Each structure stands twice: as C-alpha cells, then as structure tokens.
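Asker: Dropping the sequence and predicted coords here.
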Amino acid sequence: MTTRRLNDSVLARWSVLLIVSFTMMFGYIITDILSPLETMLEAPYAAGGLGWTSTEYGLYSGAYGFFNVFLLMLFVSGLILDKMGERFTGTLACVLMVVGVFTKYYAVCYVSPEQTTSFGISLFGLGTTGLRTQVLMASAGFALFGVGCEMVGISINKVMVKWFTGHEIALAMGFQVAMARIGTVMALSLSPKIAAHWTLSTPLLVGLVLVCIGLMIYLVYGVMDIRLERQLKTTVDESEKFHLSDILITLRSRGFWLITLICLFFYCGIRPFLKFASKLMVVKYGIDPETAGIIVALLPFTAIPLTPLFGYLIDRFGKGASVMVAGTAMLTLSHICFSLPLHSPAVAIVTIVVLGVAFSLLPSALWPSIPKIIPLKRLGTAYSMVFYIQNIGLTLVPMGIGYINGQDPSFTTAMGIFSFLGALGIACAVLLLRADKREHYGLQKPNI
C-alpha cells in the first residue's frame, strides 16, 4: 500500500506555495523599489534629490550581483542548498535580505550625499575622482540583498520541485512568478508616490518591514518541510544523495547550457531594462515621472494573470521549448520597437504590454524545464549555476547601460543592446528545441 505523503494534499502544497511566494514577492519589491526613482535620485540635493549621476545609478543597479558574481556566492548558495536543504538555506537567505535592505535604508537616509570615498581604479568612469559614500554603501547593501534574494530564489525553485513534481508544477511555478511580478508592480507604481509624499528613503523603510515579514512566514514553511522530510527519508537511498562529482555531470549537459544562456539573455533584456524604463518614458515619450512608473508597471502587471495561465497550459499540453522560442522573439521585437523613432505614448504602452506577455510566456516554460534536464539531487547546484551566470549579466548590463546613457541620453544605443540580447536568446531557444528532439528531454511533453 502506498503511503500518502504531505505533498499529495492539495491544501498542504498550495499552502507552501503561498508562503514561499509571498517571501519572494517581498524580495522583488526591494529589487525594483528604487528603479522608478532614478530621476528623483539624480535631481539636485537642493531640489529634494540626492544628486546621483546616471553612471552612479548604473553602478548601484548593477551592484545587485556583485557578491554573487565576484565572490561566487551563488555557487556557494547552491552547494549549501543541496547539502543543507531548502529550510536552512531559505532562512539564511531571508536574514541576508533583511541586513541588505537595512544597509540600503541607512545609506539613503543617514549618509550625506556630499561625502566621498576615493579609489585608485576606474570602473565605468567611477573611482579615480571619488565615489559618493552614500552610493557605495547603498550598492554594498544591494549586493548583500542580492545574495539573499538569489539564494531564496533557488531555494524556492527547489521547494516547487520537491512539493509539486507529478502534480501541477508549471502552474505552481507560474503562480510563484506571478506573485513576484505583483511585487515588481507594487515597487514601480507605489514607490514614486510614497517618495513624493514622504522622503526618498521611505520606500526602503516600507521594504525593510516587508522582508522582515517574509523571514517570519518562511519559518512557518520550515515546520511543514520537517513533516514532509520525515516521510521522504524512508525512500531516499545513497544513489539519490548529492556528491560534488555531480557538478561535472551537470556541466557536461548541452541542454543545461542552452537553457542557462536563454535565461541569461532573456532576463538581461528584461530586468536591467526595468531599471531604466521609467527614465525612458520621461526622456523619449515626455511622460511625467509618476505616470512613467505606472506605465512601466504594466509590464509585470500583464504577466500576473498570464504566467499561471501559460503554466496551466504547458502542464497539460507541453510545447515548452516552442514557447521559449516565442517568448524570446517577442522580447526582441519589443526592444526593436522602443529603438525606432516613434514618440507616441500609446506606442510605448502597447510595446510595454507586449513585453509583459513575453515576460510571462518564457518563464512559465523555462523554470519547469530545468528539472526535466537535471535530476533533483543536482537541482540546487544546477539552479545556482543558472542564477550565477544570469547574475553576471544582471551585474554588467545595468552598469554598462548606465554608462552608455550618460554618453547617449536618447536611449537609442541602449535599446540596440537590449535588442541584440533578445536576438541571442532566440538563437539559443531554437538550438534547445533541436537538442530536445535529439536528447529526448521531454520539454515538449506535458508535465502531468
């Protein structure tokens, strides 16, 4: 007689989904909480801003992945996850997010924007002439937060696989992504209003409270996870445990590298774009900053209902690899449209919505496809390597775009770069579709 496990209960697994989704949503609020405030941050100190330059803002935006990339923290996070489990790793990640947000809040609220720190090196035009201490501290806090946010991200992905394999996994992952998009919408649409009504640091204070709540509710998940682990231990043998040699097996997988590159190019065409999109609306389309944040929020807002819907359809009908081709194509066409000499706000709104459809289409297929290529015992490390390579792009692209916008404020060059990233994503998605036919990963098959 087969023993019924806790994750066979619809109520239990969807309760877990809600808990971890709210934790991730709060993280995404912080990720983009200063994005719609770029023009306010760059306003003179006497006018209520902080006097940051476009290059300094680019440095701050790219700092999210500093520790993950240069200190290999994402790779370490994956090893911790596979060795210590989702309960320990996710809790540690939430603590790091809290400390990182507090550091950002302290920098913006209490450090003078006139204080500088000198360096003997130059990075995208910064360093030799002195970097604002406020920018440096805010960037360090964002980098520490980035370690926690990415760590909780890979933990939650493994939670989804652990609790939803054999069930509605793409729908669950789609729902979790939709909750994250709600966080992005809240950051983009509410942050400018909060800052305008109070101060530039107030959105960060709100975010600090939210990540503290995220830590507390993740502890509730830990209680449920203990119950499930007790049931799973009866069926786990030595062959199912993670070993360091498994990393080499993952690195030899063609499918792993193709899906990693798709993730890199796609998310580098979306998330850094969100950092600068509000300013694009102001500069190119003549929209006021508060309205610009609301328009940009349409991108993740569009993805909120569509991501679970696409996940539901993929669970039942498959075609995951084909969906990834379509998603990267829509991304590329949207950025090409933004690069054209069209200055109507209506064009901007329609293009943002199309980009939002792409933002829901590809993730709904990409994340459930990784467990089809990589087995569960290697999944934490695999996710960490995907996120690590993604973070290289999420670190360098915003810094590069910030520097380029300082040279070409029209955004023409920047949108050309985003279009090129999308084209690389299309190429990798087509290659993955062909590889699936040869290697029989099952990417085109339903999940249920």
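Answerer: Received, thanks.
Asker: Would you map the helices across the stretch 251-400 of the chain?
Answerer: Assigned by DSSP state H, counting those that start in this stretch, the stretch 251-400 of the chain shows helices spanning 254-285, 289-317, 320-339, 345-373, 379-407.
Asker: Show the average pLDDT along the longest one.
Answerer: Yep, that's helix 254-285 we're talking about. Averaging pLDDT along helix 254-285 yields 90.
Asker: ok and that helix relative to helix 345-373, angle-wise?
Answerer: Between helix 254-285 and helix 345-373, the angle comes out at 170 degrees (axes from the mean of the first three to the mean of the last three C-alpha atoms, to 10 degrees).
Asker: what's the answer for the third one, then?
Answerer: In this structure, helix 320-339 runs at an angle of 150 degrees to helix 345-373, with the same axes, to 10 degrees as the basis.
Asker: In contact with T332, which residues are there?
Answerer: Counting by C-beta atoms under 8 Å, 6 or more residues apart in numbering, T332 makes contact with G269, S419, G422, A423, G425, I426. C-beta: built from backbone N, CA, C; applies to glycine.
Asker: Which pLDDT does the model give it?
Answerer: Confidence at T332, expressed as pLDDT, is 96.
Asker: L309 too?
Answerer: On the pLDDT scale, L309 gets 89.
Asker: May I have the residues that are in contact with it?
Answerer: With contact taken as C-beta under 8 Å, 6+ apart, L309 is in contact with G174, S360.
Asker: same question, E229
Answerer: By C-beta under 8 Å, 6+ apart, E229 lies in contact with G85.
Asker: Show me the shaky parts of this protein.
Answerer: Applying pLDDT under 70 to the chain picks out residues 1-3, 118-130, 232-246, 376-377, 448.
Asker: re the thing from before, just the ones in helices from the contacts of T332, please.
Answerer: When DSSP state H is applied, those are split such that G269, S419, G422, A423, G425, I426 fall in helices.
Asker: would CSV of those with distance to V76 and neighbour count be doable?
Answerer: Supplementary listing: the ones in helices among the contacts of T332 in CSV, determined by distance: C-beta to C-beta, whole Å; neighbours: other C-beta atoms under 10 Å:
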residue, distance to V76, neighbour count
G269, 27, 28
S419, 34, 19
G422, 31, 25
A423, 33, 16
G425, 28, 28
I426, 33, 22
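Asker: Please convert those to JSON lines, extending it with distance to G356.
Answerer: Output for these, formatted as JSON lines (distance: C-beta to C-beta, whole Å):
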{"residue": "G269", "distance to G356": "13"}
{"residue": "S419", "distance to G356": "17"}
{"residue": "G422", "distance to G356": "15"}
{"residue": "A423", "distance to G356": "20"}
{"residue": "G425", "distance to G356": "17"}
{"residue": "I426", "distance to G356": "18"}
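Asker: now, among these, which is nearest to F276?
Answerer: G269 (12.1 Å; C-beta to C-beta).
Asker: residues contacting the residue nearest to I287 when sequence neighbours are not counted?
Answerer: In space, and not counting its chain neighbours, I287 is closest to M281: 4.4 Å by C-beta to C-beta, 6 or more residues apart in numbering. Residues in contact with M281, defined by C-beta under 8 Å, 6+ apart, are I287, T291, A292, I295, V296, P345, A348.
Asker: Which strands or helices does the helix or strand that C428 is a member of pack on?
Answerer: Following DSSP states H and E, one finds C428 within helix 412-439. Secondary-structure packing of helix 412-439 (3 or more C-beta pairs under 8 Å, 6 or more residues apart in numbering; DSSP states H and E): helix 254-285, helix 320-339, helix 379-407.
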